[in-house]
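A.B. asks: I would like to see how this sequence folds:
(one chain, ligands or ions: 1)
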Amino acid sequence: MQNPQEIGHGYENSSEKLTLPSGEKLHWHFKADNVHDFTWAADPEYKHDILNMENGIALHFLYKKNLDPQYLENWQKLQGKTAELIQYFSKHIGPYPYPQYSVIQGGDGGMEYAMCTLITGKRKWGSLFGVTAHELAHTWFQFLLATNETKHPWMDEGFTTYISNKAENEILKENKVNPQDGSYRHYYYVVGSGVEEPLTTHADRYHTNMAYSMASYSKGNLFLSQLEYIIGKENVAKTLLKYYEDFAFKHPTPNDIKRTAEKVSGVHLDWYLNEWTQTTHTIDYGIKSVDGTKITLERIGKMPMPIDLSVTYEDGTEEMFVIPLRMMRGNKPTNATLLEDWTFAHPTYTFNTDKKVSSVTIDPSKLMADIELKNNTYTTLK
Ligand SMILES: [Zn+2]
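C.D. replies: The predicted structure is shown next:
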């Protein structure tokens, strides 16, 4: 706000009624640096709260005075939590560079804009918090990194979903083992329904909304979530920080997030970007046979992946194995026993353990989006 004096009122005193001689109009001047979009809201029925964060960022909350008490309470509870969200995203992606952010009751759902969101007001607590978390996270992916929304919607909606689910899990202390499990379920459901389209589809050219939303929100989220399985959780965390550092205000493309992850991890990921975003190939690995100390795995799906394997022996001890994919030319940091890499062209892979095997599980973390989990575990008959 550039001219509060001229108008005769500080905008913080918005409750005061202003009377003008008839025919005269007020001119409010606003200025914002480094934004590619704006929105503006006004309503005489708004209650306007301001929370000044320690780091100098002012959070504004504009919501209707006449909301039911249950909703008013949620809007008040949201204020401190929004500050926690800004801190979470600033720490895990990069610093919030603007002087303020406004959460405004308005619109028809939840929508991201520069330095503000419009969100409908009559929401239960979990929904008000969750949607605010999502729209605020867009500040980083849609405004600061600003990828092309029509060409690569998954880089915005997907990464936004990834980080806001993680933030929600931590701030609301939900303690979910996998905060992205809803996106995995969504992915499996749409793959099963047969309408999936590749992530490279132009946003306006998907045949169904279901295929668009699954690709953009869920499969885009899984790009990062599954990357944790491929290069390790810590490397994905470093990748996001470097991605912001190198590409904020520069409109990165899919190759840029891939190159960033490669530089951080030392693992080649061309195969991953290609398969996951340009095809609808699915992942299905299975345990083909277990015979004493000999384990044979098979790749049933078209998409190749590295394999984490948990083996329990007849003596009750357990051992973890990692089988990198040859195309990776490397592997994630691991304490597991590292086996020889698996080439894409071979549908099966056999190795021997030191002790007699009692049971085998492929990817106990379930971060790999294997569409058929039944063949991922094997127990020898006693
Ligand atoms: Zn969104």
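
A.B. asks: and the most centrally placed residue in the chain, what are its phi and psi?
C.D. replies: When the chain is reduced to its mean C-alpha position, the nearest residue by Cα atoms, centre = their mean turns out to be residue 162, at 1.4 Å. Dihedral pair for residue 162: phi -60, psi -50, per degrees, to the nearest 10.

A.B. asks: Hmm, it is touching residue 180, no?
C.D. replies: Yes - when contacts are counted by Cβ atoms under 8 Å, residue 162 is listed as touching residue 180 (6.7 Å). To be clear about C-beta, it is placed using only N, CA and C from the backbone, and glycine gets the same treatment.

A.B. asks: shared neighbours of those two, anything?
C.D. replies: With Cβ atoms under 8 Å, 6 or more residues apart in numbering applied, the overlap between the contact sets of residue 162 and residue 180 consists of 221, 225.

A.B. asks: Let me see the ranges of the strands in the stretch 1-150 of the chain.
C.D. replies: Taking DSSP state E, counting those that start in this stretch, the strands of the stretch 1-150 of the chain run over residues 46-52, 58-64, 100-105, 110-113, 116-119.

A.B. asks: cool, and the stretch 251-382 of the chain?
C.D. replies: Assigned by DSSP E, counting those that start in this stretch, the strands in the stretch 251-382 of the chain fall at 285-291, 294-299, 307-313, 318-323, 337-338, 348-352, 357-362, 377-379.

A.B. asks: Include mean neighbour count and distance to residue 201 when you put these into CSV, please.
C.D. replies: CSV is the format used below for the strands of the stretch 251-382 of the chain (neighbours: other Cβ atoms under 10 Å; distance: least, Cβ to Cβ, whole Å):
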stretch, mean neighbour count, distance to residue 201
strand 285-291, 18, 27
strand 294-299, 18, 26
strand 307-313, 19, 29
strand 318-323, 16, 32
strand 337-338, 14, 37
strand 348-352, 14, 33
strand 357-362, 19, 30
strand 377-379, 15, 34
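
A.B. asks: Compare those and give me the one nearest residue 74.
C.D. replies: strand 307-313 (40.9 Å; Cβ to Cβ).

A.B. asks: measure the residue nearest to residue 251 when sequence neighbours are not counted to residue 252 for me?
C.D. replies: By the measure of Cβ to Cβ, 6 or more residues apart in numbering, the closest residue to residue 251 outside its immediate chain neighbours is residue 146, 5.3 Å from it. Using Cβ to Cβ, to the nearest Å, residue 146 is found at 8 Å from residue 252.

A.B. asks: Could you give the number of residues near residue 40?
C.D. replies: 9 (other Cβ atoms under 10 Å).

A.B. asks: What about the residue nearest to it when sequence neighbours are not counted, how many residues nearby?
C.D. replies: For residue 40, ignoring the flanking residues on the chain, the nearest one in space by Cβ to Cβ, 6+ apart is residue 30 at 7.4 Å. Residue crowding around residue 30 was assessed by other Cβ under 10 Å; the count is 10.

A.B. asks: doesn't residue 42 make contact with residue 30?
C.D. replies: No - taking contact to mean Cβ under 8 Å, the distance of 11.8 Å between residue 30 and residue 42 leaves them out of contact.

A.B. asks: domain assignment for the chain?
C.D. replies: For the chain, the structural domains run 32-144, 173-278, 286-379, going by automatic domain parsing.

A.B. asks: ok, residue 2 - how many residues close by?
C.D. replies: For residue 2, the tally of surrounding residues (other Cβ under 10 Å) stands at 9.

A.B. asks: Fine, thanks again, bye for now.
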